[in-house]
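A.B. asks: have a look; sequence and predicted model below, questions after that.
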Amino acid sequence: MSTMRDRRAAPLSRDINGRIARRVRALRAELGMTLDALAAKSEVSRSMISLVERGESSPTAAVLEKIASGLGVSLATLFDDASAPINPVSRRADRTPWRDPQSGYIRRNISPANFPSPIQVVEIVLPAGVRVAYETAARDVSIHQQIWVREGTIEVTLGSVIYRLAEDDCLAMQLNEPTAFRNRTRKPARYIVVIATERARASRR
């Protein structure tokens, strides 16, 4: 059974890595950024970004978060399927899960792909005993999140403040400090992340 599961997971992994590769390339092109410029802004090596853009690497969530920050988008944006037709409805079959190769945590974009909205909804399953940390702090855009725990308990560290969330708790936060998510229990935790991105307004003269 495990061999069959691995065979099914391999094409899926290549598919999602290919999607991430296309998104990073496209977003960088839209901004007119060179590989060197993105490397400097994201603090991810040029060689790693090049591997990601060619779909030849399985980057961790922490690395992808840094790249997303350098591009001025949320992490969820990197998982969007830019080739999908614009549709206000998202179906279960449309959603491709992604597994972090380091922690094993699983995420799925729930929101409709490509639909013009400042809000994104993501589902996360955090395995027992796992901790995922994001080092990114300052950003060019203002990104707000709300974490709604559906099953289990998690510990969220925002800067130096720790929040312990049980089932049905909801935490509102802004992504402007290093953040970590931890499951100290022996059971997986599942939570919903609602993300809102607020672009800086042009100054009036």
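C.D. replies: Yep, that arrived.
A.B. asks: report the central residue of this protein.
C.D. replies: For the chain, the residue nearest the mean C-alpha position is residue 75 (3.3 Å; CA atoms, centre = their mean).
A.B. asks: ok, the residue lying closest to residue 55 once chain neighbours are set aside to residue 74 distance?
C.D. replies: If the residues on either side of it in the chain are set aside, residue 55 comes closest to residue 21, at 3.8 Å by CB to CB, 6 or more residues apart in numbering. (Each C-beta comes from the backbone N, C-alpha and C, glycine too.) Distance of residue 21 to residue 74, given as CB to CB, to the nearest Å: 18 Å.
A.B. asks: tell me where the chain has strands.
C.D. replies: For the chain, the strands defined by DSSP state E occupy 98-99, 106-109, 119-126, 131-134, 142-151, 154-158, 161-165, 170-174, 179-182, 189-198.
A.B. asks: quick one: which of those is nearest residue 39?
C.D. replies: Among these, the nearest to residue 39 by CB to CB is strand 131-134 (18.1 Å).
A.B. asks: list the neighbouring strands of that closest one plus their orientation.
C.D. replies: Applying DSSP bridges, strand 131-134 is found paired with strand 179-182 (antiparallel).
A.B. asks: where does the chain dip in pLDDT?
C.D. replies: Low-confidence segments of the chain (pLDDT under 70): 1-14, 137-138, 199-205.
A.B. asks: residues touching the residue lying closest to residue 76 once chain neighbours are set aside, list them.
C.D. replies: Take residue 76 and drop its neighbours on the chain: the residue closest to it by CB to CB, 6+ apart is residue 120, 4.5 Å away. Residue 120 is in contact with 74, 76, 77, 109, 111, 194, 195, 196, 197, counting by CB atoms under 8 Å, 6 or more residues apart in numbering.
A.B. asks: just among those, which is most surrounded?
C.D. replies: Highest neighbour count within the contacts of residue 120: residue 74, with 24 neighbours (other CB atoms under 10 Å).
A.B. asks: what residues are up against that one?
C.D. replies: For residue 74, the contacting residues are 68, 120, 143, 175, 195, 197, by CB under 8 Å, 6+ apart.
A.B. asks: how close does the second one get to residue 107?
C.D. replies: Read it as residue 120. Note on residue 120: its distance to residue 107, by CB to CB, is 11 Å.
A.B. asks: now the third one
C.D. replies: Taken as CB to CB, the spacing of residue 143 relative to residue 107 amounts to 16 Å.
A.B. asks: the two - which one has more neighbours?
C.D. replies: Remark: of residue 143 and residue 107, residue 143 carries more neighbours, 22 against 19, as counted by other CB under 10 Å.
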